[in-house]
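Q: can you look at this prediction? I've put the sequence above it.
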Amino acid sequence: MTQIRQGAVVVTGASTGIGAACALRLDHLGFQVFAGVRRKEDAQALQAKASPQLMPIFLDVTDLDSITAAMHKVAIAVGNSGLIGLVNNAGIAVGAPLEFIPITEFRKQLEVNVTGQLAVTQAFLPLLRLAKGRIVNMGSITGRSATPFLGAYSASKFALEALTDALRLELRPWGIWVAIIEPGAISTPIWQKSLSQADTLQQSLPQPAHELYGQAMKTASKGAATLAQKGISPDKVAQAVVRALTAKRPKTRYLVGQDARIRAMLSFLPDRIVDELTAKAMNLE
């Protein structure tokens, strides 16, 4: 059963894909949406599809000054009503074998997908506490089951699972529910962009990386491209976000997509069996 609680919600990473789908669906349901974007063009594109009530806010989750400025703008707009929801959706995906991934790229992956999520949460928690609001973190099924050559991305999503679990308990005294969404393959621009960036990154790796992992990286990239094409609509994820924000008693985790549910079941198998199945599927033998 769902109980709609219209009020103010902040959605980060709302320029395209899942974030845009969440912002637009919540706006359609009558929520006051503050949509985090980084470019003026993205703000205009989002406003063209939304009601006049949706308000873009310029927000870079890796920039504390940007986060603070966005929080003050929202605080002025909502006053003592506070926020009923924060959707931590902003994220990137870096693809490369862990043996050769540049440490600067690894740090960037964690900075955006983990540290940035916590920084935004810290900034908006006083407003969430006013309304006994909810926090919804955008995880991934790779936060339960790591994927070869997406080790950095998987590490960030595993970390987000831990942050979600800890926050859920720490914020319990104030009635602030915390949930995480765990999608499988989603048809979203983040993967098209990430595949292109991964290809560029992999081409820049030293020669030993290509000698050791070249064929496996090609297989992994081809598989990722296929999944991206066959992925479900971002709106399916947005629907799960709405349930997490509005259900009388929300779940702690929301699996989205058949592949996510299958991988979740596989996680109960012994590690060696899962390794064998993954290696065979990705031609890593």
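A: Nice, thanks for sending it over. These numbers were taken from a predicted model, which means no experiment stands behind them.
Q: and Ile181, that's in a helix?
A: No. Under DSSP: H, G, I helix; E, B strand; the rest coil, Ile181 sits outside any helix and is assigned strand.
Q: SS state for the closest residue to Ala35 other than its chain neighbours?
A: If the residues on either side of it in the chain are set aside, Ala35 comes closest to Ala14, at 3.7 Å by C-beta to C-beta, 6 or more residues apart in numbering. Using the backbone N, CA and C atoms, a C-beta is placed for each residue, glycine as well. At Ala14 the chain is in coil, as set by three-state DSSP.
Q: need the contact list for Ala14.
A: Residues near Ala14 by C-beta atoms under 8 Å, 6 or more residues apart in numbering: 20, 22-23, 35-37, 42, 46, 56, 89.
Q: out of those residues, who's nearest Ala119?
A: Using C-beta to C-beta, Gly36 is the member of these that sits closest to Ala119, with 12.4 Å.
Q: part of a helix, is that closest one?
A: No. Counting by three-state DSSP, Gly36 is not part of a helix but strand.
Q: what's near enough to touch the closest residue to it other than its chain neighbours?
A: In space, and not counting its chain neighbours, Gly36 is closest to Leu59: 3.6 Å by C-beta to C-beta, 6+ apart. Residues near Leu59 by C-beta under 8 Å, 6+ apart: 12, 36-38, 66-67, 70, 90, 120.
Q: where in the chain is the helix or strand with the lowest mean pLDDT?
A: helix 189-203 (a mean of 66; mean pLDDT, DSSP states H and E).
Q: and the next element down the chain from that helix?
A: Proceeding N to C from helix 189-203, the next assigned helix or strand is helix 207-230, under DSSP states H and E.
Q: buried ones in that next one?
A: By 16 or more other C-beta atoms under 10 Å, the buried positions in helix 207-230 come out as 209, 213, 216-217, 219-221, 223-224, 228.
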